[in-house]
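J.: A predicted structure for the sequence below; I have some questions about it.
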Amino acid sequence: MYIFVFESLRAADPKTGELVHQFLDAENIKNEFHRFASKQELLDLLELVKIESTTNQLQPFVHFDCHGNENGIGIVKAGGPEQFMPWSEIQDSFIEIFQASKRRSVICFSSCEGFNAVKMVGKQKPCPYDHISGSFKKIGFADAYEAYAEFYAGIAGGKEIFQSAVDVHNDPAYKAVEFMAVNSSTLFDMMIKGYQSDQLKQEVLDERKARLLTLLKQTFPNPNTEQLNALDYYCSVQGQQVLLENFKEIFFSLN
C-alpha cells in the first residue's frame, strides 16, 4: 500500500491531511503528502501519481482531504477565490493512471459527501478506480481523520480493503461518519441491476420505441425494413442485454 495524501483546506480548518500523513509515517505506512490550491495543481499531482505508479509498479491509494459535496470537491487558494471541481473533471486523470500503470486507484475522500465520487464513471469509458471510500454525509474533521486512520491501519494489518471499511462502518466510535467503500465490480453490478429494474420493463421499452420511431420518421418519413428491425431489436430486452454486455466490456477494459 502506497498512499498519496492531497490536502486543500481553509486557513482556519484543522489540517487533517497533514495529520493523516503523520499518522501513516508513525505506522510505517508508505506515503507522501502534498497540498494543492488550484485545479491545475491537482491535475499535476495526479500526473505525478501516474508516473510513480507506472515506474514503481504500485497500486496508488489517493487520499483527498478537502471540502466537497455530492457533485465534486472544493479547492482552496490562499488569498483568492475557492474553485469547485466536479467529478467529471477528475475522472479522466484516474483513467490515465489506470491505462498507464495497468492498476486502478483506490480513491479515498475525506470530505463531505465524498462517497459520491462513485459518479466518476463516464459513458463508454473504463472505470477509473478499484475502490472508492468515503461518506454520503456531511462529516466533521475529527471524525473523518479518526475513521481514515482506523481504515488504513486495518489494511496495513492485513485486512482486505472492503473488510477494513466494514469494520470502520460498524464501529460505534465512527457512527457519525457512516464510512463506506465499494469496489468497481460491486458498483457495476449495482448499476446494472438498477438499470434492469428501471429500464428493462416492457412498458418502458415500448415508450422508448415510440419516441425513437417519431424521431426516425422526422428524418426518414418512410423508414425501411432494416431501420425498423434495428429499432425493434434495440428496444427489446434482448437488444438491451447486448448493449449492457458491451458496456461491461468497456467498463473493465484498458481502452
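T.: Received the coordinates, thanks. Computed from a prediction, not measured in an experiment: that's the story for all the values here.

J.: what's the local residue count around Gly68?
T.: Around Gly68 sit 24 other residues, with neighbours defined as other CB atoms under 10 Å. No exception for glycine: its C-beta is placed from N, CA and C like everyone else's.

J.: need the contact list for it.
T.: Shown in contact with Gly68 (CB atoms under 8 Å, 6 or more residues apart in numbering): Gly74, Phe109, Ser111, Cys112, Glu113, Gly114, Asn116.

J.: neighbours of the third one, how many?
T.: Ser111 sits with 25 neighbouring residues when counted by other CB under 10 Å.

J.: other SSEs contacting the helix or strand Asp167 falls within?
T.: Counting by DSSP states H and E, the element that carries Asp167 is helix 161-170. Contact analysis of helix 161-170 by 3 or more CB pairs under 8 Å, 6 or more residues apart in numbering; DSSP states H and E lists strand 129-134, helix 141-156, strand 180-183 as its packing neighbours.

J.: which parts of the stretch 1-150 of the chain are helices?
T.: 16-26, 39-55, 88-101, 141-156 (DSSP state H, counting those that start in this stretch).

J.: what's the closest of those helices to Phe6?
T.: For Phe6, the closest of the helices of the stretch 1-150 of the chain is helix 39-55, at 5.9 Å, according to CB to CB.

J.: just the helices and strands packed on helix 161-170: most buried one?
T.: Of the helices and strands packed on helix 161-170, the one with the most neighbours on average (mean count of other CB atoms under 10 Å) is strand 129-134, at a mean of 24.

J.: now the helix holding Asp167: buried residues?
T.: Under the neighbour-count criterion of 16 or more other CB atoms under 10 Å, helix 161-170 has Ile161, Ser164, Ala165, Val166, Val168, His169 buried.

J.: other residues contacting that helix?
T.: 106, 131, 133, 147, 150-152, 154-155, 159, 174, 177-183.

J.: how does it look with 10 Å?
T.: Helix 161-170 is contacted from outside by 1, 61, 106, 108, 130-131, 133-135, 146-160, 174-175, 177-183, 186, using CB atoms under 10 Å, 6 or more residues apart in numbering.

J.: now it against strand 129-134, angle please.
T.: Angle of helix 161-170 versus strand 129-134, following axes from the mean of the first three to the mean of the last three CA atoms, to 10 degrees, is 10 degrees.

J.: where does the chain have low pLDDT?
T.: Applying pLDDT under 70 to the chain picks out residues 79, 121-124, 191, 194-195, 252, 254-255.

J.: quick one, domains of it?
T.: Following automatic domain parsing, one gets these domains for the chain: 2-184, 200-251.

J.: gap between the two ends of the last one?
T.: It stands for domain 200-251. This stretch, domain 200-251, spans 20 Å end to end (CA to CA, to the nearest Å).

J.: longest strand anywhere in the protein?
T.: Assignment by DSSP state E gives strand 60-69 as the longest strand of the chain.

J.: work out the gap between that one and the centre of the chain.
T.: Centroid separation for strand 60-69 versus its chain: 11 Å, with CA atoms, centre = their mean, to the nearest Å.
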